[in-house]
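> When you get a sec, could you give me coordinates for this:
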Amino acid sequence: MRKFISGLVLGAGASQRFGPPKQLLPYRGTTMLGWVVDQAQRATGLDEVVVVLGRAADKIRAQVDFGPARVVENPVFGEGCSSSYRAGIAAINSEATAIMIILGDRPGVTPQIIDRLTEAWREQETPIALCSYQGRKGHPMIFARSMFPQLVDLHGDKAAWKLVDANESTVQEVRFDIPYPDDINTREDFERLVKS
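Residues are numbered from 1 along each chain as shown. Modelled structure (predicted):
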């Protein structure tokens, strides 16, 4: 029986460097967050998609089509992405054997990337699996259920990397010979993205 993997799309960022909610930036006929959620839902390797919202949640709910994805809110989003792990893990299906963390400001992550990562994890079931783009480690990342307590106990931003660094010997790297999918933090990042 195939192991159940929940996709956790993090869309609770405060957009401090950007200003307006970058989740709502227009992108390819939808919004940036709408695009990322759609990519996750097109992936066959995920068994459900849960989206975590924070700042401007009501506005985002009104403008983004989440389809069948479940949407939860993180009331303490200012505490960093670790607080979104807690909100998301509390909302996932009880059958989940792992979660895949997908960043809501990284529209370059395709269904093919997601599917290859889930397939590789299901073959080995390591505590952590992540993508390596031409040698550079990055998201998405998969954390097995055994890691959930540690994820929930994390604090601040870049928190998942703390677990990656602490468990380096058991991290499974799934290699991709494609450029690193950049996250969108500034207007310049976004302008570069839409030109590409």
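> Just checking: what are the partner strands of the longest strand anywhere in the chain?
Scanning the chain for the strand with the most residues, using DSSP state E, yields strand 136-144. Here strand 136-144 has these sheet partners by DSSP bridges: strand 98-103 (antiparallel), strand 128-133 (antiparallel).
> Give me the distance between A129 and A56.
From A129 across to A56, the span is 32 Å (C-beta to C-beta, to the nearest Å). Backbone N, C-alpha and C define where each C-beta goes, glycine included.
> Give me the more crowded residue out of these two.
Applying other C-beta atoms under 10 Å to A129 and A56 shows that A129 carries more neighbours, namely 25 against 18.
> in what helix or strand does P75 lie?
Using DSSP states H and E, P75 sits in no helix or strand.
> per-residue confidence at it?
At P75, the model reports a pLDDT of 86.
> just the strands paired with strand 136-144: most buried one?
When these are scored by mean count of other C-beta atoms under 10 Å, the highest mean neighbour count falls to strand 98-103 (a mean of 24).
> what's downstream of it, the next helix or strand?
For strand 98-103, the following helix or strand on the C-terminal side (DSSP H and E) is helix 111-124.
> could you give me the average pLDDT of that next one?
97.
> in that helix, what's buried?
111, 113-114, 116-118, 120-122 (16 or more other C-beta atoms under 10 Å).
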